[in-house]
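[1] just coords:
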Ligand SMILES: Nc1ncnc2c1ncn2[C@@H]1O[C@H](COP(=O)(O)OP(=O)(O)OP(=O)(O)O)[C@@H](O)[C@H]1O
Ligand SMILES: Nc1ncnc2c1ncn2[C@@H]1O[C@H](COP(=O)(O)OP(=O)(O)O)[C@@H](O)[C@H]1O
Ligand code: SF4
Ligand code: SF4
Ligand SMILES: [Mg+2]
Ligand SMILES: [Mg+2]
């Protein structure tokens, strides 16, 4: 399939600027996502990694318009081809969903209707988005199932979700996500619920399909290994903000932000035998107690006075960008301390 | 190193555990279905030497947790036996068994589910001390609880709080403190870090290693994460559908795995070092354990499978130094061929 033509102004496929997500509670407003900005280019795989509660899923949900109330976008904008989509009426957002952006969740069963055959679900989705007849849609559905590696797709198309194994169900969900040839797929922990041997198959499948269809992916996961194998760029999230963002190779091999460095060192790797793991003491703060300045400062071995007072923006750091005062040009003196 | 032969701290011999997974009686009658059973553990044998960490690794449902529960006596085996420091708990009278039981403890995967939410942390940690009657005086127990909290990196003041006030990693520390309360020699750790984030996992794994060094603990360590197992274990057993398919010391296993299933598992680990090498893809999924394939249960996924594999279950046999494997191809010396098909996926 030929890649879609570039838009004339060459705007990135997706642009997120200053995104802020709040939860009003009785004890005050919780800010779960605070000033998050990034772009996704056409056909690119952007990994989004971080520990649980860092804000990965909320960011994904906001982009696809599935933020659950009382959570709300309280600031910033989300642009698709330069067009704002963060405040569209629900009907219009539904059209964007599926047609331009689709979603793959952690648990394949949440995306599948247990009462319909997988074929019915895929055909229905195709008919919603494509001006083709039922016969053609069914042929396309068989093709899609074949593409995602379901054996004997012309028979399996009439089976119900419970007749598939976990890995096969996630393949079906991926087929569903591809029905309308979306430009962007948001995959939130798509392999976390699967066995390790199946995980590798699903990741390889996603990667191959996105390359072939020229679909961009935001791959949300807590697994740095999956990111290293799959993503072009990676955003590392911490306490509702991006700590570091850059080309995956650079971030994995030469992490710049002290949090990313700690995170990389804490992962056991096969080649390293049983060396002691790098340990970041403490835990990520709760939303009710986000520290002042740099939210990482209480756990950071390199924190200095400024870190406690001023919040760092993303600054150029090596080949990446890091939200860390170590990379402010005017900090040279402090760094030498 | 040429150590003299030592009696293992734990010996597991031909352990078996079958679950009845039949539908309720009436449904069976109406639908004309027979009883169904599931061999969760099907003839598993291994030894653990004092002071070592033996790991069990394998995909979901292969029987790791069932082995763990059998070892600590939470399930009764349908066959085989477990010998701890030369004694078989099943052969002892209640008092002696209780005494033996004190010497091993278990840590579970879910630090949320395994702590009573209505109890204060000091009561949770003191409970095993009271149950086994090791200490009777309150002041003495209080001192011991404070000592245990400090040992696992919490503060004695944390004893007055409730489990929900702690993060996942801190709760796992509380579980470890409770497990250590009676100075056990042997800990069964069932996926102790699987529910935790990697940075917290690193804290807990480091803590477990420190405690092992300090107290000479012996671990049965269960995980589905091969990198974690490589990090923790001296010896490793790989399980597939209720059986051990390969046992070797950690280094041997990770550097020269021989069983096709072990090789497949190793190939599935995402390459965080970004060597850029293409990896062969794993094939298929674990079959339904209620109706396992005949012969070698791995044969539908194995590129080396032949007629014999489809017919005859392989036995766990020595396969070179410090290694046992249950595979016909290994025994026949035809396992040098690629065990995995290269695939575009
Ligand atoms: N109480 C039970 N009743 C019926 N079947 C059971 C029971 N406990 C376990 N099983 C089955 O026995 C097999 C082994 O289960 P077990 O929990 O030991 O697996 P595991 O290796 O620990 O898997 P996981 O990685 O998912 O924890 C599985 O097929 C499981 O469904
Ligand atoms: N409905 C909600 N009410 C209050 N806080 C929420 C809600 N949903 C998510 N959060 C909080 O927002 C933060 C980010 O959540 P999430 O995006 O799900 O994290 P991740 O996907 O990175 O694990 C967490 O601190 C979480 O507790
Ligand atoms: S800004 Fe300061 S506290 Fe934050 S990561 Fe950088 S050095 Fe550490
Ligand atoms: S070669 Fe045969 S015995 Fe060995 S793992 Fe493959 S199927 Fe099983
Ligand atoms: Mg999430
Ligand atoms: Mg288990």
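    The structure has been received and is ready for your questions. Keep in mind the model is a prediction, meaning the values are calculated, not measured. Ligands and ions are numbered 1, 2, ... in the order given.
[2] contacting residues around residue B:6?
    Contacts for residue B:6 (CB atoms under 8 Å, 6 or more residues apart in numbering or on different chains) come out as B:49-50. Where C-beta positions appear, they are placed from N, C-alpha and C, glycine not excepted.
[3] That one: which element?
    Assigned by DSSP states H and E, residue B:6 belongs to neither a helix nor a strand.
[4] One more: residue B:237?
    Residue B:237 belongs to strand B:235-240, assigned by DSSP H and E.
[5] For that strand, name the packing helices and strands.
    When contacts are defined as 3 or more CB pairs under 8 Å, 6 or more residues apart in numbering or on different chains; DSSP states H and E, strand B:235-240 sits against strand B:37-48, strand B:53-57, strand B:243-249, helix B:250-255, helix B:260-267.
[6] Looking at the ones you listed, spot the one closest to residue A:24.
    Proximity to residue A:24, assessed across the helices and strands packed on strand B:235-240 by CB to CB, is greatest for strand B:53-57 (45.6 Å).
[7] can you tell me if the next helix-or-strand element following the closest one touches chain A.
    As assigned by DSSP H and E, the chain's next helix or strand after strand B:53-57 is helix B:64-71. No: shown here: helix B:64-71 not in contact with chain A (CB under 8 Å from any CB of the partner chain), separated by at least 12.7 Å.
[8] Give me the neighbour count for whichever residue of chain B sits closest to chain A.
    Residue nearest to chain A within chain B: residue B:270 (3.1 Å; CB to the nearest CB). Around residue B:270 sit 21 other residues, with neighbours defined as other CB atoms under 10 Å in any protein chain shown.
[9] show me what contacts it?
    Residue B:270 sits next to A:200, A:203, A:223, A:225-226, A:228-229 when contact means CB under 8 Å, 6+ apart.
[10] Point to the helix or strand of chain B where mean pLDDT is at its lowest.
    Within chain B, confidence by mean pLDDT, DSSP states H and E is lowest for helix B:25-31 among all helices and strands, at a mean of 77.
[11] Report the contact partners of the closest residue to residue B:312 other than its chain neighbours.
    Leaving aside its sequence neighbours, residue B:312 sits nearest to residue B:295 (CB to CB, 6 or more residues apart in numbering or on different chains; 5.6 Å). Residues near residue B:295 by CB under 8 Å, 6+ apart: B:308-313.
[12] and of the residues you listed, the nearest to residue A:113?
    For those, the nearest to residue A:113 is residue B:310 (38.0 Å; CB to CB).
[13] about what we covered before: quick one: which of the contacts of residue B:295 is nearest to residue B:120?
    Closest to residue B:120, out of all of the contacts of residue B:295 and judged by CB to CB, is residue B:313, at 51.4 Å.
[14] For that closest one, which residues are in contact?
    The contact partners of residue B:313, taken as CB under 8 Å, 6+ apart, are B:295-297, B:326.
[15] one more time with 10 Å
    B:42-43, B:243, B:292, B:294-297, B:299, B:326, B:328 (CB atoms under 10 Å, 6 or more residues apart in numbering or on different chains).
[16] got it, and residue A:326?
    The contact partners of residue A:326, taken as CB under 10 Å, 6+ apart, are A:256-258, A:300, A:302-304, A:306-307, A:312, A:315, A:317, A:334-335.
[17] For the residues you listed, give me JSON lines that also has neighbour count, pLDDT and secondary structure.
    Converted to JSON lines, these look like this (neighbours: other CB atoms under 10 Å in any protein chain shown; pLDDT from 0 to 100; DSSP: H, G, I helix; E, B strand; the rest coil):
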{"residue": "A:256", "neighbour count": "24", "pLDDT": "97", "secondary structure": "coil"}
{"residue": "A:257", "neighbour count": "30", "pLDDT": "97", "secondary structure": "coil"}
{"residue": "A:258", "neighbour count": "23", "pLDDT": "97", "secondary structure": "helix"}
{"residue": "A:300", "neighbour count": "19", "pLDDT": "96", "secondary structure": "coil"}
{"residue": "A:302", "neighbour count": "13", "pLDDT": "96", "secondary structure": "coil"}
{"residue": "A:303", "neighbour count": "18", "pLDDT": "97", "secondary structure": "coil"}
{"residue": "A:304", "neighbour count": "14", "pLDDT": "96", "secondary structure": "coil"}
{"residue": "A:306", "neighbour count": "17", "pLDDT": "96", "secondary structure": "helix"}
{"residue": "A:307", "neighbour count": "24", "pLDDT": "97", "secondary structure": "helix"}
{"residue": "A:312", "neighbour count": "23", "pLDDT": "97", "secondary structure": "coil"}
{"residue": "A:315", "neighbour count": "18", "pLDDT": "96", "secondary structure": "strand"}
{"residue": "A:317", "neighbour count": "22", "pLDDT": "95", "secondary structure": "strand"}
{"residue": "A:334", "neighbour count": "14", "pLDDT": "49", "secondary structure": "helix"}
{"residue": "A:335", "neighbour count": "12", "pLDDT": "50", "secondary structure": "helix"}
